[in-house]
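J.: Let's see this in three dimensions:
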Amino acid sequence: MLLQFNQSAGQNRIDAMFNQFVDLKSTIDGIESIEYGANQNPEKLNKNFTHAVVVTFSDLLARDRYLVHPDHKKLEAVLLALLADLIVFDLES
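T.: All right, here's what the predicted structure looks like:
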């Protein structure tokens, strides 16, 4: 997931959202890892997307359970209020 935050989104709110995101690993079965961070690429090809989140699931069913889980829905509301734009991309390895 690529994230572009609103200009009004303060760092404290962004940090709190990422903490809430990471906490999902302990409340939703099937999440193997959650990694996030700010863009570090020097080429400036990020098109105003400043952060990324990668969630690894044990399988596609775990991903599907995550999508409808109440804790994910709570995070989604917080996240969407902070964002100017978002790209979600799922791949199966």
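
J.: what's the single longest helix in this protein?
T.: Ranked by number of residues, the top helix in the chain under DSSP state H is helix 11-27.

J.: which of the residues in that one are buried?
T.: Within helix 11-27, the residues scored as buried using 16 or more other CB atoms under 10 Å are Ile14, Met17, Phe18, Phe21, Leu24. Where you see a C-beta, it was placed from the backbone N, CA and C, and this is true even at glycine.

J.: which one of these sits closest to Leu60?
T.: Leu24 (17.2 Å; CB to CB).

J.: Quick one: classify the residue positioned nearest the centre of the chain as helix, strand or coil.
T.: Nearest to the mean C-alpha position of the chain, by CA atoms, centre = their mean, lies Val53 at 4.4 Å. Assigned with DSSP: H, G, I helix; E, B strand; the rest coil, Val53 falls in the strand class.

J.: right, and it touches Tyr36 too?
T.: Yes. Using CB atoms under 8 Å, Val53 is in contact with Tyr36, at 4.4 Å.

J.: Setting the sequence-adjacent residues aside, check what's closest to Phe89.
T.: Met1 (7.2 Å; CB to CB, 6 or more residues apart in numbering).

J.: ranges for the helices of the chain?
T.: Going by DSSP H, the chain shows helices at 11-27, 60-68, 70-82.

J.: and Glu92, what pLDDT?
T.: We have a pLDDT of 87 for Glu92.

J.: For the spatially closest residue to it that is not a sequence neighbour, the count of nearby residues, please.
T.: Here the nearest residue to Glu92 in space, its sequence neighbours aside, is Leu60; by CB to CB, 6+ apart that works out to 6.8 Å. With neighbours defined by other CB atoms under 10 Å, the count for Leu60 comes to 11.
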